[in-house]
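A.B. asks: Below is the sequence, then the predicted model.
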Amino acid sequence: MKKKLTKSSKDRSIAGVCGGIAEYFDISSFFIRLLFILFLPANLIIYIILANILPDRPTTL
């Protein structure tokens, strides 16, 4: 099965973008959030774009 980049439904702080990226690359979401904070001005715009473009992960029962 091919992996798709989606927003996380479990690991969300604001919109689930960092959690989704971390799940896609199978790493800790802490490191992704740290990168977004360290490079804040540019990543803020990227985060807003990804929050609007990335689809939500379908919820499972």
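C.D. replies: Looks like it arrived, so ask away.

A.B. asks: Run through the strands of the protein in chain order.
C.D. replies: Remark: no strands are assigned in the chain by DSSP state E.

A.B. asks: in it, which spans are helices?
C.D. replies: 17-25, 29-38, 40-53 (DSSP state H).

A.B. asks: Let's see the shortest one as CSV, backbone CA atoms only.
C.D. replies: The C-alpha atoms that make up helix 17-25 are tabulated as CSV, following Å, rounded to 0.1, in the frame of the first residue of the first chain:
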residue,chain,number,x,y,z
VAL,A,17,0.2,19.0,9.8
CYS,A,18,3.3,18.2,11.9
GLY,A,19,1.8,15.0,13.2
GLY,A,20,0.9,13.9,9.6
ILE,A,21,4.4,14.7,8.4
ALA,A,22,5.9,12.7,11.3
GLU,A,23,3.7,9.7,10.6
TYR,A,24,4.6,9.8,6.9
PHE,A,25,8.3,9.7,7.6
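
A.B. asks: What is it packed up against?
C.D. replies: helix 29-38, helix 40-53 (3 or more Cβ pairs under 8 Å, 6 or more residues apart in numbering; DSSP states H and E). Bear in mind the C-beta positions are built from the backbone N, C-alpha and C, glycine included.
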